[in-house]
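J.: quick one, what's the 3D model for this:
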Amino acid sequence: MLTMPATAGPRRRPPPRQATTKKGRRTMEFGIFIQGYVPKSAQEADPLAEHRAIMGEIELVKAADAAGFKYVWVTEHHFLDEYSHISANDVVLGYLAHATERIHLGSGIFNPLPKVNHPAKVAERVAMLDHLSGGRFEFGTGRGAGSHEILGFHPGMTDMGGTRPIWEETIAEFPKMWLQDEYEGFEGEYWSLPPRKILPKPLAKPHPPMWYAAGNTSSYAMAARKGLGVLGFSVGSPKELEPVLTAYKTEIANAEPIGAFVNDNIMVTSSAICFEDRERAREVMMRPANTYLQSLVFRYHDTFPHPPQVPAWPELIPDPDPAAVDWMLSEGMTIAGDPDDVLRQCKRWESTGVDQLTFGLPVGQTIDEALESIRLIGEHVIPKIDTDPVHRTTRFRDAAAGGGNSAG
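T.: A predicted model of the protein is given here:
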């Protein structure tokens, strides 16, 4: 991550075709993600800050649905004060299933480690959300954000990488739980379950698309070999994307999917500020909330590489000045400006070959400002880049079902 300078059982299947328009051209899709960012400054100024943040982000998702964004990713974090107050994201996603119409609803992530959420309960929640959303659910998984979160559930663990074998033991069981009439049961090193009917079964067949939140090149390659899409929350610029995208796309061609289909997909994240006035967007970039969130990233995600220019918490990354804003925009680390600027910056991401560009909102902006950004991106940017009316994951899912789905 670049930062501002200090000034049903596995089956081998052929790789899927790219999701394309009728003209045969792959399109980059758009999403947003929400996390319940409630900085201490807001908490001290307003006793209802946490509530306002959660409800405000709900409004952003509704607006993104209306504006043509195809995906929303809702985080699951625990114990991460200020950084993320959305812990029960299944509850949020259940509400959004009723409050939206077209946007796909993604867990970004559900943590399926048995000490956090029992795998059978995760499988049940995924299937129920698929019903409530009309087949619009996307199943993203991961292992937790750094030692503070992980050790809350795994006290005494000395190597944060110790969660990886637990995840690997678990992830391939989900398609079996959805596809087998009675799940055959499991006896593993970290959890077990006798044969049981896992209910309900997903609405749209064969099952929701599966994703993994990966952080390094080897994780991208591993996800590709399993046929999983990647949630690239740690990719901060087009330059950072190149090696992991190469590793992923090389391996995905020979995937042996753990589920019923390959989800050939890489999602990356950025921030987005889009106003009619370019200078107003730049001014928002220089607000302290932006760099304070970045400081919290390195406070909690202590398994990320720590760039030397990033001070150790509780010291903070300095607020950006105009020169730093210029540098961030030139590196593609953020997206900001008027609609023409934002379109040009999004096309830069499109040219890398990434499949989905997702914006973290409303960081740095008020809810009203973020709503304005969503509206302008929906009017002036998305129609010029994402010209495919069908979600990429829907194409993969429907192909695996033989075109028999009527939902999603």
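J.: any chance you could map the helices in the stretch 51-200 of the chain?
T.: In the stretch 51-200 of the chain, the helices defined using DSSP state H, counting those that start in this stretch lie at 89-99, 119-132, 146-153, 163-171, 173-179.
J.: and M55, how many neighbours?
T.: The tally of other residues near M55 (other Cβ atoms under 10 Å) stands at 11. C-beta: built from backbone N, CA, C; applies to glycine.
J.: the helices of the stretch 51-200 of the chain: which one's closest to D326?
T.: Across the helices of the stretch 51-200 of the chain, D326 has its closest neighbour in helix 146-153 (31.0 Å, Cβ to Cβ).
J.: name the SS class of E276, please.
T.: coil (DSSP: H, G, I helix; E, B strand; the rest coil).
J.: contact partners for the closest residue to it other than its chain neighbours?
T.: Nearest residue to E276 in three dimensions, chain neighbours excluded: D338, at 6.0 Å (Cβ to Cβ, 6 or more residues apart in numbering). Shown in contact with D338 (Cβ atoms under 8 Å, 6 or more residues apart in numbering): C274, F275, E276, D277, R278, A281.
J.: next one: C346
T.: C346 makes contacts with M28, I335, L357, V381, I385, as judged by Cβ under 8 Å, 6+ apart.
J.: most packed of the helices of the stretch 51-200 of the chain?
T.: Ranked by mean neighbour count under mean count of other Cβ atoms under 10 Å, the helices of the stretch 51-200 of the chain are led by helix 173-179, which reaches a mean of 23.
J.: pull the residues that contact that one.
T.: Defining contact as Cβ under 8 Å, 6+ apart, one finds that helix 173-179 is touched by 8-9, 112, 119-120, 122-123, 126-127, 139, 183-184, 186, 198, 201-202, 206-207, 210, 258-260.
J.: surely H98 meets G134?
T.: No. Counting by Cβ atoms under 8 Å, H98 does not reach G134; the two are 10.3 Å apart.
J.: which helix or strand in this structure has the lowest average pLDDT?
T.: None of the helices or strands of the chain scores lower by mean pLDDT, DSSP states H and E than helix 288-300, at a mean of 94.
J.: that one packs against which elements?
T.: On a contact count with 3 or more Cβ pairs under 8 Å, 6 or more residues apart in numbering; DSSP states H and E, helix 288-300 meets helix 146-153.
J.: so which elements touch the helix it packs on?
T.: The contact analysis (3+ Cβ pairs under 8 Å, 6+ apart) places helix 146-153 against helix 288-300.
J.: now the angle between helix 288-300 and the next helix or strand after the helix it packs on, please.
T.: Next in sequence after helix 288-300, counting helices and strands by DSSP states H and E, comes helix 322-331. When axes from the mean of the first three to the mean of the last three Cα atoms, to 10 degrees is applied, the directions of helix 322-331 and helix 288-300 differ by 70 degrees.
J.: quick one: buried residues of helix 322-331?
T.: A324, V325, W327, M328, L329 (16 or more other Cβ atoms under 10 Å).
J.: I'd like the average pLDDT over that helix.
T.: Helix 322-331 comes out with an average pLDDT of 96.
J.: can I get the CA coordinates of it in PDB?
T.: Extracted in PDB, the C-alpha atoms of helix 322-331 (Å, rounded to 0.1, in the frame of the first residue of the first chain):
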ATOM      1  CA  PRO A 322      -1.000  20.800  -2.200                       C
ATOM      2  CA  ALA A 323       2.200  19.200  -3.300                       C
ATOM      3  CA  ALA A 324       1.300  15.900  -1.600                       C
ATOM      4  CA  VAL A 325      -2.100  16.000  -3.200                       C
ATOM      5  CA  ASP A 326      -0.400  16.400  -6.600                       C
ATOM      6  CA  TRP A 327       1.800  13.400  -5.800                       C
ATOM      7  CA  MET A 328      -1.100  11.200  -4.700                       C
ATOM      8  CA  LEU A 329      -3.100  12.000  -7.800                       C
ATOM      9  CA  SER A 330      -0.100  11.400 -10.100                       C
ATOM     10  CA  GLU A 331       0.500   8.000  -8.400                       C
END
